[in-house]
Structure formats: structure tokens, C-alpha cells
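Participant: model the structure of this input:
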Amino acid sequence: MGHRIAIVGAGAVGAYAGAHMARDGEDVTFIDPWPANVETMKAHGLKVSHIRDVPEWSTPVRALHLTELQQVAKEKPFDIAFVCMKSYDTEWATVMIAQYLAPAGFVVSLQNCMNEAAIAGVVGWGKVVGCIASSITVDLCEPGHVRRAAGKSGDAHTVFRTGEVHGRITERVREIERLVALTDSALVTSNLWGERWSKLVTNAMANGMSACTGLISKDILRNDTLRRFGARLGSEAIRVGQALGYELEDIHHIDPDVIARAGEGDAAATREYDAHRLEEVNKAGGGEHRPSMGQDMVKGRRTEIDFINGFILRQGEQIGLPTPANAALTDIVKRVERGDLKADPKHLIDLRLN
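Facilitator: Model (predicted):
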């Protein structure tokens, strides 16, 4: 206890995790670039709601505009900075917060994608910790209000996985585990990179598809062609990750090799993959959410496609593994983002790459 904590980026994940820390009495400061979000937090705190099981609640928080962060120079520095920005904003956000870190302070990447190297380029590898939020399904639905399209996962699914880049278990990752466990289930992992790539595969199978079709998760998964195109995306990503030497964890609670073989056309693996995904979406509330990149497209924001499917494409190119489905999806999402195309499922159905 007693750490000063910065949440850089009070979007969906940053606001959700940070609100739980603040409610528990942790010393948390939110720094965010969206003026309306900051003003709402200042006036009314953060509101947190869930689709089921958890009553809505609010908590007072300290929130700063980017232009107000300089006042922290007169205060005790931050011990822990959670960077929760979009991947394309990682570097400048780290440069900004680094000057307000205590000498022993460090930065936690609580983001999608693999941004630890970008953070290390600013503060050095010794000041970087990774933290994955797995299947958390949250969105910032309005200023000062974060909503989760589920209840708490608890023992059914471990949401937060935190680890050191070198894989050893340290006191500081135990502290991050304690902090994020105020939100939902958490563990310390010695396999940060395998966890990171596994989460990248999860995002690769859903985010871009939602962004370029306009569909929420359940409508994608109930369409045979789209569901199996997702398996093809995942298969390519899994094979690249395996070739790079990552020890992959379960993806959508499925053995990654089953997804890989399903995407490659193996009939038995396809049946297993289909059954699992359809069972998941047929649960109460299953698939009722819009993945984060789909949310970005609806809001007219820049997407992270270059840091998810585009990243898989580039990594595959470097080791000589083609990823045609990820390449096609990356191109289509960029065209929809530019306004050259309107979001429509036919963009993927017409590819015939499932």
C-alpha cells in the first residue's frame, strides 16, 4: 500500500481497472486526452456498470487533463504508471509520464497488442511490466461511464495476467496482481510473451471483423462463413507465433492447435471449434458486445489494425510465413476506416478465405 498510481488513458480498460483501485482507497490519478471525460470524472467521479450480476456504482476520482499533468511536478512522483492508451499513442504517452516517475517507478502496459518494446524504448526494459486483460469486454459508453458486457469472471476465467519481460516472479508483479485483482480475477505469469501473443490472436480473430462488418460478436459467430474466417485468421496468427517460439496459452478457452487446424481445413478440428464458439455465444448474454476496434469504427476513431492483424502480417513476412487472411482483413479495415467502403459483412464473405 502507499503507492502513487497514474492511469494514463481513462478509456475502457484504464477507467474500469482504475475505478476499482480508487474505490478501494488506492492513490490513483487519471490522465486522459478526452476533455469531456476528464470534466465528467472531476464533477461526478467514475460510473461503472455491468450487463448482469453487479449493481451499478460510482466512485470519486482524481482526474487531470493532459495540460494539467505538469502540476504533478510539485507533488510526490508516481510509483506505478499504467499506460492504457491505444497502441499508436504508446510512445508519446510514455515519454509524457516518464518524467513524473519516482526513481524506482515503472510502467505497466495494460493494453491490447505488444507494446512493451515501445515503452522500453523510452524508459528502458528494467522499468517495463506487462499486463493482459483477457476477454474483459468493456467499453467507455459515455464520458465518465465504463460498462462491462458481462458480470465478473471470477473463478470461471482469469481476466488479468501480469508478468515481467524476463519471466521471473518479482515483488512488483505481485503488487500489480494485487491491484488488478481489485477488479477481477488475476494471476502472475512467467510466460508474458506467450500470454501476449495469445491475446493478440484473440483480438485478431474478432476486432477487425467487427470493424469492417459493423457486426457485434454474436452475429459474427452465428454466421458460418464469418466464424470460419475467424478460425483462418487465428490459424495464421497461431502458426506465426509458434514459429517465433512463443508458448501459446488457450485462446477462447480452446487449445490453439485446434484453432490452427480448423483454420487449415481439418474437419474434426472445425467441428470442435464450431461447437465451442457456438456454445459460447448461445449462453445468456454471450457475444452481446462490440469488440474494441468495432467500437472505434463506430466512434470514428483510428483503429489498431496495424498493431493487430497488420503486426501479424509483418511478423509473418519476416519469417517467410504467408498470412493472406490477415493481410486481406488489414486492407479492408483500412479502406472502411478511410471511408472508401462502408462496413458490410460481404467484404469478408466475398473473399472466400474461410
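
Participant: which residue ranges of the stretch 1-150 of the chain form helices?
Facilitator: Along the stretch 1-150 of the chain, the segments classed as helices by DSSP state H, counting those that start in this stretch run 12-23, 35-44, 90-98, 116-123.

Participant: single out the most deeply packed of these.
Facilitator: Per-stretch averages of neighbours, counted by mean count of other C-beta atoms under 10 Å, single out helix 12-23 among these, with a mean of 24. Backbone N, C-alpha and C define where each C-beta goes, glycine included.

Participant: ok, and what's touching that helix?
Facilitator: For helix 12-23, the external contacting residues (C-beta atoms under 8 Å, 6 or more residues apart in numbering) are 5, 7-8, 10, 28, 30, 32, 46, 48, 57, 59-62, 82, 84, 110-111, 133, 136, 138-140, 146, 148, 160, 179-180, 182-183, 292, 295.

Participant: dump the helices of the stretch 1-150 of the chain to CSV, plus distance to residue 221.
Facilitator: Below are these laid out as CSV (distance: least, C-beta to C-beta, whole Å):
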stretch, distance to residue 221
helix 12-23, 21
helix 35-44, 31
helix 90-98, 30
helix 116-123, 31
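
Participant: export these to JSON lines and tack on mean pLDDT and distance to residue 215?
Facilitator: Putting the helices of the stretch 1-150 of the chain into JSON lines (pLDDT from 0 to 100; distance: least, C-beta to C-beta, whole Å) gives the following:
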{"stretch": "helix 12-23", "mean pLDDT": "98", "distance to residue 215": "19"}
{"stretch": "helix 35-44", "mean pLDDT": "98", "distance to residue 215": "27"}
{"stretch": "helix 90-98", "mean pLDDT": "98", "distance to residue 215": "28"}
{"stretch": "helix 116-123", "mean pLDDT": "98", "distance to residue 215": "31"}
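
Participant: of all those helices, which lies closest to residue 304?
Facilitator: The closest of the helices of the stretch 1-150 of the chain to residue 304 is helix 90-98. By C-beta to C-beta, the value is 10.5 Å.

Participant: closest to residue 226 out of the helices of the stretch 1-150 of the chain?
Facilitator: Relative to residue 226, the nearest member of the helices of the stretch 1-150 of the chain by C-beta to C-beta is helix 12-23, separated by 23.8 Å.

Participant: need the contact list for residue 328.
Facilitator: Contacts here follow C-beta under 8 Å, 6+ apart; on that basis residue 328 touches 351, 353.

Participant: and the pLDDT at it?
Facilitator: Confidence at residue 328, expressed as pLDDT, is 97.

Participant: any idea how far it is from residue 229?
Facilitator: Distance, residue 328 to residue 229, using C-beta to C-beta, to the nearest Å: 9 Å.

Participant: so what's in contact with the two at the same time?
Facilitator: 351, 353.

Participant: circling back to that earlier point, and the contacts of helix 12-23, which of them are in strands?
Facilitator: 5, 7-8, 28, 30, 32, 46, 48, 57, 59, 62, 82, 110, 133, 138-140, 146, 148, 160 (DSSP state E).

Participant: tell me how far residue 134 lies from residue 305.
Facilitator: Distance of residue 134 to residue 305, computed by C-beta to C-beta: 20 Å.

Participant: who has more neighbours out of those two?
Facilitator: Between residue 134 and residue 305, counted using other C-beta atoms under 10 Å, the more crowded position is residue 305 (27 against 19).

Participant: contacts for stretch 208-217?
Facilitator: By C-beta under 8 Å, 6+ apart, stretch 208-217 touches 206, 220, 226, 229-230, 233, 281, 287-291, 293-294, 296-298, 303, 305, 308-309, 329-330, 332-333, 336-337, 341, 343-345, 347-348.

Participant: any idea how far residue 75 is from residue 6?
Facilitator: 11 Å.

Participant: of the two, who's got more company?
Facilitator: Per other C-beta under 10 Å, whichever of residue 75 and residue 6 has more neighbours is residue 6, with 27 against 10.

Participant: so what's that one bridging to?
Facilitator: Counting by DSSP bridges, residue 6 forms beta bridges with residue 29, residue 81.
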